[in-house]
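1. Sequence below, structure please.
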Amino acid sequence: MLPLELIIRALSIVFGLIIFILAIIFGWFIFSILVGVLFFIWIIFYVRSLWNRRGEKTSANDAIIDAEYTVIDIEDSDD
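-> Below you'll find the predicted structure:
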């Protein structure tokens, strides 16, 4: 094998390894970004569900008022 062919083969192996390593690094970087975005979306929906659950809770006074209106509606429907 000629020395030029050996040099070309060695350079192709080196460049191939460099491209392989860069692909792994960029793939991991993109995967990390994707996981981070999905985790951020999960946190947003979790906080949103907690906020909605907090908004649905009524105080004792609201429950009493709702019960009184229910009793009034039932009495009106008997007429």
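2. Would you mind measuring from residue 6 to residue 28?
-> To residue 28, residue 6 is 33 Å away according to Cβ to Cβ, to the nearest Å. From N, CA and C alone the C-beta is placed, and that goes for glycine too.
3. do residue 1 as well
-> 37 Å.
4. between the two, which one's more packed in?
-> Neighbour count, other Cβ atoms under 10 Å: between residue 1 and residue 28, residue 28 has more, with 10 against 6.
5. how close does the more buried one sit to residue 22?
-> Taking Cβ to Cβ, one finds residue 28 at 11 Å from residue 22.
6. for residue 43, same thing?
-> Between residue 43 and residue 22 the distance is 31 Å, computed by Cβ to Cβ.
7. Would you map the helices across the chain?
-> 3-56, 60-78 (DSSP state H).
8. among these, which gets the worst mean confidence?
-> Lowest mean pLDDT within the helices of the chain: helix 60-78, at a mean of 56.
9. Give me the neighbour count for residue 42.
-> Counted with other Cβ under 10 Å, residues neighbouring residue 42 total 10.
10. ugh, wrong one, residue 5
-> For residue 5, the neighbour count with other Cβ under 10 Å is 9.
11. how near is it to residue 11?
-> From residue 5 to residue 11 the distance is 11 Å (Cβ to Cβ).
12. ditto for residue 37
-> 38 Å.
13. same deal with residue 27?
-> 24 Å.
14. again with residue 39
-> 42 Å.
15. likewise residue 30?
-> 28 Å.
16. Could you do residue 29 as well?
-> Taking Cβ to Cβ, one finds residue 29 at 26 Å from residue 11.
17. got it, and residue 23?
-> For residue 23, the distance to residue 11 - Cβ to Cβ - is 18 Å.
18. Report the separation between residue 2 and residue 44.
-> From residue 2 over to residue 44 (counting by Cβ to Cβ), the distance is 62 Å.
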